[in-house]
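Trainee: no FASTA, just this:
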């Protein structure tokens with residue numbers, strides 16, 4: 001079973017499409033002295049103004065495999081490559097005195113024998129170095145999500161879902177316990193409500209009519225009110241000049 005899964009995974013890797021996560025045309029390679037202690041690397045020990053190779057760098061994702069390729073920027077000839085694999089040491093180690101330089105663990109297969117070496121690598125811009133590390137980080141996140149999805153798929157395959165549907169002839173009984181004393185008012189049926197007579201409505205009598213006022217007196221009173229209003233308006237208009245002679 002394990003051999004079949006390995007064979008299937010290798011076939012999927014061979015058929016997987018290559019996705020370029022990062023590409024830069026200016027990358028510099030340095031020969032670095034072997035590390036004698038467990039201390040971190042320092043770029044000021046390399047003489048960064050004297051590089052041994054200059055070319056392009058690509059970060060390529062192919063299935064679960066991530067490849068760092070150093071190629072000639074004119075011909076595309078491969079100079080060196082490194083592999084980022086799950087469960088193996090990270091092939092890129094930053095130096096402690098700069099954010100633009102790294103140590104790359106390259107890999108070479110000679111007649112079925114894998115050999116490793118360490119070289120120095122640097123970028124001209126800090127943004128390029130940041131994007132390079134971000135591409136490697138994105139690939140590791142992709143591997144984690146893919147592993148989680150595969151574990152969930154295996155879990156659901158090994159634990160089939162339970163069928164909770166009712167079979168023919170089965171019934172579902174619900175027991176509801178009444179907690180506390182609940183006083184419920186009785187419902188009134190529709191027939192009782194229709195037969196009951198509505199309660200009489202008590203209306204107050206209308207107010208008494210006003211005293212009779214002679215029509216002439218009412219007109220004179222209203223006329224005097226209008227004359228008074230017109231007089232006040234004319235008095236106000238006088239302040240703005242006489243407009244009777246205006247055309």
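Mentor: Yes, it's here. None of these values were measured; they are calculated from a predicted model.
Trainee: all contacts plus neighbour counts: C-alpha atoms, from now on.
Mentor: Noted.
Trainee: Where does pLDDT dip in the protein?
Mentor: Segments of the chain classed as low confidence (criterion: pLDDT under 70) are 1-15, 146-157, 160-163, 179-247.
Trainee: which residues in it form strands?
Mentor: With DSSP state E, the ranges of strands along the chain come out as 18-30, 53-62, 65-71, 78-84, 92-94, 101-110, 113-122.
Trainee: So in that sheet, which strands flank the longest one, and in what orientation?
Mentor: The one in question is strand 18-30. For strand 18-30, the pairing partners within the sheet under DSSP bridges are strand 53-62 (antiparallel), strand 113-122 (antiparallel).
Trainee: Is it possible to get TSV of those that adds mean neighbour count?
Mentor: TSV is the format used below for the strands paired with strand 18-30 (neighbours: other CA atoms under 10 Å):
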stretch	mean neighbour count
strand 53-62	20
strand 113-122	15
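Trainee: will you turn those strands into TSV that also has distance to residue 96?
Mentor: Shown next, in TSV, are those (distance: least, CA to CA, whole Å):
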stretch	distance to residue 96
strand 53-62	22
strand 113-122	13
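Trainee: CSV for the strands of the chain, including distance to residue 145?
Mentor: Below are the strands of the chain laid out as CSV (distance: least, CA to CA, whole Å):
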stretch, distance to residue 145
strand 18-30, 17
strand 53-62, 15
strand 65-71, 14
strand 78-84, 16
strand 92-94, 22
strand 101-110, 26
strand 113-122, 29
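Trainee: list the buried ones in stretch 98-118?
Mentor: By neighbour count on 16 or more other CA atoms under 10 Å, the buried set for stretch 98-118 is 99-107, 118.
Trainee: for that stretch, how far is the first residue from the last?
Mentor: 18 Å (CA to CA, to the nearest Å).
Trainee: So for residue 43, which of the strands of the chain sits nearest?
Mentor: Between residue 43 and the strands of the chain, the tightest spacing by CA to CA is seen for strand 101-110, at 6.6 Å.
Trainee: Can you give the strand pairings for the closest one, parallel or anti for each?
Mentor: In the sheet, strand 101-110 lines up with strand 92-94 (antiparallel), strand 113-122 (antiparallel) (DSSP bridges).
Trainee: Please name whichever of those is nearest to residue 85.
Mentor: When those are compared by CA to CA, strand 92-94 sits nearest residue 85, at 11.7 Å.
Trainee: Only the buried residues of the closest one, if you could.
Mentor: In strand 92-94, residues buried by neighbour count (16+ other CA under 10 Å) are 92, 94.
Trainee: Show residues contacting it.
Mentor: Outside strand 92-94, the residues within contact range by CA atoms under 8 Å, 6 or more residues apart in numbering are 41, 101-105.
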